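J.: Give me a model of this one.
(chains A, B and C)
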Amino acid sequence: MTISPNRAHKSKNLESYTSDEEEDDMPLSQASIKKRRRVKINDILDDDEGDGDEDEDEDATLSSIAVKNKKQKISKIKVEEFDGSSSSQEKKVKKSKKKSKKVSKKMISDPKNETKQESDDDDKPLKKEVSTELENDEEEEYKWWEKQNEDDSIKWTTLKHNGVLLPPPYEPLPSHVKLYYEGKPVDLPLEAEEVAGFFGAMLETDHAKNPTFQKNFFTDFLHVLEQNGGTKNGIEIKEFTKCDFKKIFDYYDLQREATRQKSSLEKKQIRLEREKAEEKYKFCELDGRKEQVGNFKVEPPGLFRGRGAHPKTGKLKRRVQPEDIVLNLSEDAPIPEAPAGHQWGEVRHDNTVQWLAMWKENIFNSLKYVRLAANSSLKGQNDLKKFEKARQLKDHIDTIRKDYRKRLKNKFMLERQKATAIYLIDVFALRAGGEKSEEEADTVGCCSLRYEHVTLKPPNTVIFDFLGKDSIRYYQQVEVDKQVFKDLTIFKRPPKQPGHQLFDRLDPSILNKHLQSYMPGLTAKVFRTYNASKTMQDQLDLIPNEGTVAEKLLRYNAANRTVAILCNHQRTVTKGHAQSVEKANMKIKELEWQKIRLKRGLLQLDSSELKKNKAYFKELDDLSKEDEASIHAHIIERERDRLHKKFARENDKKKFMKEKELPESELKEWLDKVEEKKKQYAKELKTNVVELRSSLNTVEKIKAQIEKLEQRILTATIQLKDKEENSEVSLGTSKLNYIDPRLNVAFCKKYNVPIEKIFTKTLRDKFKWAIESADENWRF
DNA sequence: TAGAGGACTTAGCACAAGCGAG
DNA sequence: CTCGCTTGTGCTAAGTCCTCTA
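T.: Model prediction:
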């Protein structure tokens, strides 16, 4: 069971958080909220708390402190020359230009085929330009970002669309694939079989091993079974542990394998058919313009996969029927036809909202929406507004910071809590943290922090340890402002104890109301956007405008990483991470050995080189005999492995083609060559005399070869470093949601970095407004 | 004036597609 | 050309914040 080290698990939560018994003897336990009780401590603080050390005026508010505190390491490797690929990159671009022209012609002749053409085109870099040109030819493209921003309570005047794409109906299992109960095959009604299938298909996942998931699934499964008349062959299912889903799992696993095995032609065929079926749902007409729809596919039924220790994980997410769906479109728009025998739940004409369709899901009774794609004008406008609001905060941030510093000493408890909370949100980029019900995973943000999430270490060190959004652990040991430390101590004073709210007077709405008094529209989340973009701007400003594109990119990524760390954006380390780091390290060692070997060879050829440049040969003694031997062994081992695999592969092929297989002797012959190499290495190790291949017969040639190797070592080292530093940090989220895209665009323009290097195609689409509106001097 | 409901953004994961090394 | 890893995208869960209602 592989679990993200960052995502805490239920058992851990239950241990470290308040247990119910404890609460019962608490005088205040009558509070309706069980775990998250509010214990209030005195409203007005007397002088001995309020007084204190005069402001040291340490300018400690800036988020840069948080970053520093996190011991952020920004790659400082000096790269001499690192861009081996730039010329080939250029070629690629040129090539694609030609190709693109062709494409655009095709597209003009058949504009409806736009998406198909796009996905067929494999040269990315210029695609954007091409489609822009095209759209310009076709019809004047709507550049909403050049228009004035009018009233936005009305989202559209006309809206036409084709409704939603419902998931395919359930395909029953073949009759020989069944659930087994106490070893006996069970005949399930179709509805129950489907649910069993959901579980069976994910038998090997972590979810299926989670007891809560199992319990919730089983309850819902039994319910569906009962609703549909029970099993058809008289078997009564009572206990989960007696159910055997293995056959079902095997069946679905085989299916998965089969799709994977399909030839690329077959896959393409399937893809084309799918695209054809989806075509009509992909676009809608908004105010007469064609815009892309985002999630036009209705979520298929399945088992709810809650994150972290979610009490509802594993519950059945039931199939959404057309009757559950509410459509939203213009009054004069044709109403898309409901599937045969069905009708839509409701048709609405509400132009104050941005959604095209909506339904209520059954796990939380919450609403799910079908909305426009990220590249649409509506989403773009919202995005721009968000970043403009964050930029507006620039003009208020000094006032706000001054004010909360002052209020940290206010004599009213509520005011101090507000001030402290804003401090934490500003400096550590915490989320607002709304109250959650018992039906959800126990995660917190600023306002919902509890006693046990904050440990205070005098004089002013604070350890935050809690589960935030998505049950991602936030763990930081940081130094805070002295007054903040004092206040936190007060907020934790008895009678408070584990389980109690740290900010007992506060919730996001109180906090946001206060924030509005500084600036209209200011809320807690704006601080995250502001600090992320501000940090990015500051980091980018530090990058020298010199060196290769690869070098600049490396530094760009380092800047991006600073932001991601500030926002605590994590990802689970990939399965093979440790292994692949190990492999990369080995490869570097090997390259280094090769270099040394070449240098030895060089000296054998002309020993006078040593006197000419002693420093050049200084690493000759770096490698111990043992290290060298182990590198040898590794190379030999890998070589053998490779040959064995090759042998097996070729024989598989021959078997398939009904040809005669290679004899074992052939493999032996190959291996003998490796054996020779091994002997040769052993000899070199003993005598210290190397035998370079015969083409390396002049000092120049060897030196050139050494240079190449050095280049490769450098590249590999940088890549490895980048990889290690990024292994637990997710850069994507901040790039997608927090860093003003115009910053990235300005960076690219100023530093001559192609935008494709930092924005994928989807991102370029989403941020088209930024790409076209920001110049190299744009600043956040 | 709290709490529910509604509408929107933000988030990591799973899986497919792409891509570079061998 | 194949294999195995990385990258990009789709999916949908999980937040925030606002409005409406009793």
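J.: Distance from stretch A:284-300 to the middle of the chain?
T.: 25 Å (CA atoms, centre = their mean, to the nearest Å).
J.: any bit of it sitting next to DNA strand C?
T.: Yes. Remark: stretch A:284-300 sits within contact range of DNA strand C at A:294, A:295, A:297, A:299, A:300, by CB under 7 Å from any atom of the strand. C-beta: built from backbone N, CA, C; applies to glycine.
J.: Just the ones in strands from those residues, please.
T.: Applying DSSP state E to the residues of stretch A:284-300 next to DNA strand C, no entry is found in strands.
J.: Surely residue A:303 touches residue A:202?
T.: Yes. Between residue A:303 and residue A:202 there is a contact under CB atoms under 8 Å: 7.2 Å.
J.: Need the residues of stretch A:284-300 next to DNA strand C in TSV (columns: pLDDT and distance to residue A:481).
T.: Listed next are these as TSV, based on pLDDT from 0 to 100; distance: CB to CB, whole Å:
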residue	pLDDT	distance to residue A:481
A:294	95	43
A:295	95	44
A:297	96	49
A:299	97	46
A:300	97	50
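J.: Only whichever of those are buried, select them in PyMOL.
T.: The PyMOL selection below is limited to those of the residues of stretch A:284-300 next to DNA strand C classed as buried (16 or more other CB atoms under 10 Å):
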select buried, chain A and resi 294+295
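J.: from the residues of stretch A:284-300 next to DNA strand C, which single one is nearest residue A:492?
T.: Nearest to residue A:492 among those, counting by CB to CB, is residue A:299 at 42.8 Å.
J.: could you measure the residue lying farthest from the centre of chain A against DNA strand B, distance?
T.: The C-alpha centroid of chain A is most remote from residue A:608, which lies 55.9 Å away (CA atoms, centre = their mean). Distance, residue A:608 to DNA strand B, using CB to the nearest atom of the strand, to the nearest Å: 34 Å.
J.: now the helices for the stretch 401-550 of chain A?
T.: A:413-428, A:482-491, A:508-516, A:524-541, A:549-566 (DSSP state H, counting those that start in this stretch).
J.: Burial-wise, tell me which of those helices comes out on top.
T.: helix A:413-428 (a mean of 24; mean count of other CB atoms under 10 Å).
J.: is that one anywhere near DNA strand B?
T.: No. With CB under 7 Å from any atom of the strand as the criterion, DNA strand B is not reached by helix A:413-428; the gap is at least 11.9 Å.
J.: for that helix, what is the average pLDDT?
T.: Across helix A:413-428, pLDDT averages out at 96.
J.: which residues does the residue in chain A that DNA strand B sits nearest to contact?
T.: DNA strand B sits closest to residue A:382 of chain A, with a gap of 3.2 Å, by CB to the nearest atom of the strand. Contact analysis of residue A:382 by CB atoms under 8 Å, 6 or more residues apart in numbering lists nothing.
J.: Kindly report the same for residue A:355.
T.: Taking CB under 8 Å, 6+ apart, we find residue A:355 in contact with A:328, A:369, A:370, A:371.
J.: Where does the prediction get shaky in the stretch 501-650 of chain A?
T.: A:645-646, A:649-650 (pLDDT under 70).
J.: Distance check, the residue farthest from the centre of chain A against residue A:710.
T.: 22 Å (CB to CB, to the nearest Å).
J.: try residue A:661
T.: From residue A:661 to residue A:710 the distance is 44 Å (CB to CB).
J.: before we move on, what about residue A:507?
T.: The spacing between residue A:507 and residue A:710, counted by CB to CB, is 59 Å.
J.: cool, residue A:403 as well?
T.: For residue A:403 relative to residue A:710 (CB to CB), the value is 56 Å.
J.: cool, residue A:579 as well?
T.: For residue A:579, the distance to residue A:710 - CB to CB - is 26 Å.
J.: And residue A:773, by the same measure?
T.: 43 Å.
J.: just so I know, which of the helices of the stretch 401-550 of chain A lies nearest residue A:235?
T.: Taking the helices of the stretch 401-550 of chain A one by one with CB to CB, helix A:508-516 is closest: 51.5 Å.
J.: tell me the contacts of residue A:751?
T.: When contacts are counted by CB under 8 Å, 6+ apart, residue A:751 touches A:543, A:545, A:552.
J.: make it 6 Å
T.: Listed by CB atoms under 6 Å, 6 or more residues apart in numbering, the contact partners of residue A:751 are A:545, A:552.
J.: Could you do residue A:357 as well?
T.: By CB under 6 Å, 6+ apart, the contact list for residue A:357 reads A:164, A:325, A:327, A:370.
J.: near DNA strand C, which of the residues you listed show up?
T.: Of the contacts of residue A:357, not one also sits near DNA strand C (CB under 7 Å from any atom of the strand).
J.: Give the residue spans of chain A that score low on pLDDT.
T.: In chain A (pLDDT under 70), the answer is A:1-38, A:45-140, A:150, A:645-646, A:649-650, A:652-659, A:715.
J.: how deep is residue A:333 tucked in, by neighbour count?
T.: Look at residue A:333: counted by other CB atoms under 10 Å, it has 17 neighbours.
J.: doesn't residue A:161 make contact with it?
T.: No. Residue A:333 is beyond contact range of residue A:161, at 7.6 Å (criterion: CB atoms under 6 Å).
J.: coming back round to it: higher neighbour count, residue A:507 and residue A:710?
T.: residue A:507 (17 against 14).
J.: secondary structure element for residue A:710?
T.: helix A:699-726 (DSSP states H and E).
J.: May I see the buried residues of that helix?
T.: A:702, A:705-706, A:709, A:712-718, A:720-722, A:725-726.
J.: What separation do you get for residue A:439 and DNA strand C?
T.: 10 Å.
J.: Who are the contact partners of that residue?
T.: Per CB under 6 Å, 6+ apart, neighbours of residue A:439: residue A:311.
J.: Which stretches in the stretch 601-750 of chain A count as helices?
T.: Using DSSP H, counting those that start in this stretch, helices in the stretch 601-750 of chain A cover A:608-612, A:625-656, A:664-687, A:699-726, A:732-737, A:741-751.
J.: Go through the ones you listed and pick out the most buried.
T.: helix A:741-751 (a mean of 21).
J.: relative orientation of it and helix A:549-566 in degrees?
T.: 160 degrees (axes from the mean of the first three to the mean of the last three CA atoms, to 10 degrees).
J.: could you check whether the following helix or strand past helix A:741-751 is close to DNA strand C?
T.: On the C-terminal side of helix A:741-751, the nearest following helix or strand under DSSP H and E is helix A:761-766. Yes. Using CB under 7 Å from any atom of the strand, helix A:761-766 reaches DNA strand C at A:761, A:762, A:763.
J.: Would helix A:761-766 count as contacting DNA strand B?
T.: No. Helix A:761-766 lies apart from DNA strand B when judged by CB under 7 Å from any atom of the strand; the minimum separation is 9.8 Å.
J.: Could you report the separation of the closest residue to residue A:297 other than its chain neighbours from residue A:318?
T.: Once flanking residues are discounted, residue A:297 sits nearest to residue A:165: 4.9 Å by CB to CB, 6 or more residues apart in numbering. Noted for residue A:165: a distance of 18 Å to residue A:318, by CB to CB.
J.: do the same with residue A:295
T.: Distance, residue A:295 to residue A:318, using CB to CB: 18 Å.
J.: Kindly confirm my reading that residue A:581 forms part of a helix.
T.: Yes. Judged by DSSP: H, G, I helix; E, B strand; the rest coil, residue A:581 forms part of a helix.
J.: And the buried residues of helix A:699-726, which is closest to DNA strand C?
T.: Nearest to DNA strand C among the buried residues of helix A:699-726, with distances taken as CB to the nearest atom of the strand, is residue A:726, at 7.5 Å.
J.: which residue sits closest to the closest one, ignoring its sequence neighbours?
T.: residue A:561 (6.7 Å).
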